[in-house]
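Participant: Test case, fold it:
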Amino acid sequence: MKLSELVRATRIERKLSLQDVADRSLHRISRGYVSQIENENVSVRSISLEKLEGLALGLGMPALDLFRIAAGEESDDRPKNRREILIEAFGGGVSPDEVESVEKMLDTWFQTKREEAFEKTNGAP
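Facilitator: Numbering: from 1, shown residues only. Predicted structure coming up:
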């Protein structure tokens with residue numbers, strides 16, 4: 001599945017408008033840029049990691065899914081959840097406790113990035 005197809009399918013499935021995706025991304029990606037991605041008017045290779053992270057946030061899906069698709073990795077047409085991706089990335093040689101620990105670190109990192117973006121958008125208190 002191509003990034004453009006995944007973005008459009010996910011957005012439609014979740015009943016999100018282009019503006020909804022931009023708003024939910026904390027304005028890391030614009031409505032117009034989401035449209036350009038869906039219509040393949042922008043090279044996937046030129047999309048920054050920050051934009052992909054914003055897009056994932058806006059779509060409510062793991063950023064790792066978008067990173068993998070953007071990198072050209074094959075998809076089974078179903079976005080994988082973070083746990084599946086981590087287990088696959090470590091070749092299955094990771095314990096459930098280790099996966100949980102990595103998930104917590106990722107959650108903390110994403111929350112920090114969201115807060116930083118919010119502060120930039122709305123001004124730090």
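Participant: C-alpha from now on. contacts and neighbour counts both.
Facilitator: Will do.
Participant: so what's the residue nearest the centre of the chain closest to, chain neighbours aside?
Facilitator: By CA atoms, centre = their mean, the mean C-alpha position of the chain lies nearest to residue 56, the distance being 2.2 Å. Nearest in space to residue 56, with sequence neighbours left out and distances taken as CA to CA, 6 or more residues apart in numbering, is residue 63 at 4.9 Å.
Participant: In contact with that neighbour, which residues?
Facilitator: Contacts for residue 63 (CA atoms under 8 Å, 6 or more residues apart in numbering) come out as 52, 53, 55, 56, 57.
Participant: and if you look at residue 46?
Facilitator: Residue 46 touches nothing, counting by CA under 8 Å, 6+ apart.
Participant: From residue 40, how far off is it?
Facilitator: 12 Å (CA to CA, to the nearest Å).
Participant: Which strands or helices does whichever strand or helix holds residue 113 pack on?
Facilitator: Here residue 113 is covered by helix 96-122, with elements defined by DSSP states H and E. On a contact count with 3 or more CA pairs under 8 Å, 6 or more residues apart in numbering; DSSP states H and E, helix 96-122 meets helix 82-89.
Participant: re the thing from before, can you select the buried ones among the contacts of residue 63 for me in PyMOL?
Facilitator: Applying 16 or more other CA atoms under 10 Å to the contacts of residue 63, the buried members can be selected in PyMOL as follows:
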select buried, resi 52+53+55+56+57
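Participant: The contacts of residue 63 in helices, which ones?
Facilitator: 52, 53, 55, 56, 57 (DSSP state H).
Participant: For residue 75, report the pLDDT, please.
Facilitator: pLDDT recorded at residue 75 is 54.
Participant: next one: residue 27
Facilitator: 84.
Participant: Specify the local secondary structure of it.
Facilitator: Per DSSP: H, G, I helix; E, B strand; the rest coil, the secondary structure class of residue 27 is coil.
Participant: picking up where we left off before, tell me the one of the ones in helices among the contacts of residue 63 nearest residue 30?
Facilitator: residue 55 (9.1 Å; CA to CA).
Participant: my read: the closest one touches residue 21, true?
Facilitator: Yes - using CA atoms under 8 Å, residue 55 is in contact with residue 21, at 7.0 Å.
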